[in-house]
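[1] I'd like to go over a predicted model; first the sequence, then the structure.
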Amino acid sequence: MPEYRYLDLPNAPIDDADVLILPVPLEQTVSHKPGAGEAAYSVLEVSDQLEFYEEDADWCPTRHMKVSVLEGFDPEDHPTGDTYQKRLREHVAALPTSNLFIAIGGEHAITPALVRARLPEPGWILHIDAHADLRREFHGNPWSHATPIHHLLGDGHRVVQCGIRSIFEEEAKRIASDPMITCYRDRELQKSAIWQRLMEDISGFRGPGYLTIDMDGFDPALVPGVGTPQPGGLSWFQGVDILEALFANPHIELRGMDVVELARDVHQVSEMTAAKLIQKAMSFWGKAQGYDQRPETGSQIGADYD
């Protein structure tokens, strides 16, 4: 397997990295457009077209932060179900923890294992998606890409969902009755009062938590390359505002995040959007951690570029 890089920067040693990126190219339960398994690597391939400078926070994160793209978690024997979840959890739990951990999927079924590895105790989950993903099983599979939030609620996490606009009847009943779920449906987020309520909710997070981004939460005009696109969705700037609000909260401890459910896009617009979203997260997290005040010893230093 070739060595993948983010922004085409050299990979730092794992124990020395400030940002760990793990491709998880799982594609076993996709129910519409295929390509989730390829997208994890496609995001990294297109990332070399991004500039190092991040314009919203006004700095170059990789001048101060070291990035390491790990070898993808893609077992040759292709385990499924409980076995896959256990092995992915153990793999991620063995990684260093004093960093920003970012997984790139792959389908949304990877999220429970990632959260269990990085956030074993109950915390908060910020969930961007077009779908509620609350089914107990889908097509007879309890580990479908339609079930991850059901598993996270079972682990005791509080879940805040935003961008939701495709809900199964039983999911709607559960959202209405479960106090551990706060669901901001896509159309209501177009109202300024509801948008402000979401921002206040994110500002109210305390302690450890996790961010999971299903890219179909965005408008398919912006991100057409997803497995199950839906009309409507977050704009680019709404997505950036959500990230900015999250990392501006000084009371949180982000244990990790994932970007999932891309399906390789022939024009690679979707992968580019995901790559830049990852850069935004790195930038906002890095500034919140004070990396901009640290020496310029990041991955970018020594790189050959014009």
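    Arrived safely, thanks for sending.
[2] give the bridge partners for the residue nearest in space to the middle of the chain, please.
    Geometric centre of the chain, nearest residue: residue 258, 2.5 Å, by CA atoms, centre = their mean. Here residue 258 sits in beta bridges with residue 103, residue 212, going by DSSP bridges.
[3] so it touches residue 152, yeah?
    No. Counting by CB atoms under 8 Å, residue 258 sits too far from residue 152 to count as a contact (12.0 Å). Quick note: C-beta positions are derived from backbone N, CA and C, even for glycine.
[4] mind listing the shared neighbours of these two?
    Here residue 258 and residue 152 share the contacting residues residue 111, scored by CB atoms under 8 Å, 6 or more residues apart in numbering.
[5] and the helices in the stretch 201-306 of the chain?
    In the stretch 201-306 of the chain, the segments counted as helices under DSSP state H, counting those that start in this stretch are 236-247, 269-288.
[6] got the angle for the shortest one vs helix 269-288?
    This points to helix 236-247. Angle of helix 236-247 versus helix 269-288, following axes from the mean of the first three to the mean of the last three CA atoms, to 10 degrees, is 30 degrees.
[7] now do helix 236-247: everything it contacts.
    For helix 236-247, using CB under 8 Å, 6+ apart, the contacting residues are 56, 126, 128, 162, 189, 195, 198-199, 202-203, 205, 211, 213, 217-218, 222, 234, 252, 254, 273, 277, 280-281, 284-285, 287-288.
[8] weed out the non-buried ones from those residues.
    Buried residues within these, counting neighbours by 16 or more other CB atoms under 10 Å: 126, 128, 162, 189, 195, 198-199, 202, 205, 211, 213, 217-218, 234, 252, 254, 273, 277, 280-281, 284-285, 287-288.
[9] you'd agree residue 96 is in a helix?
    No. With DSSP: H, G, I helix; E, B strand; the rest coil as the criterion, residue 96 is located in coil rather than a helix.
[10] thought residue 19 was touching it, still the case?
    No. No contact is recorded between residue 96 and residue 19 when judged using CB under 8 Å, the distance being 11.1 Å.
[11] if you count surrounding residues, which of these two has more?
    The residue with more neighbours, out of residue 96 and residue 19, is residue 19; 25 against 12, by other CB atoms under 10 Å.
[12] what sits against the more buried one?
    Residue 19 sits next to 6, 65, 66, 67, 68, 99, 100, 102, 282 when contact means CB under 8 Å, 6+ apart.
[13] thanks a lot, see you next time.
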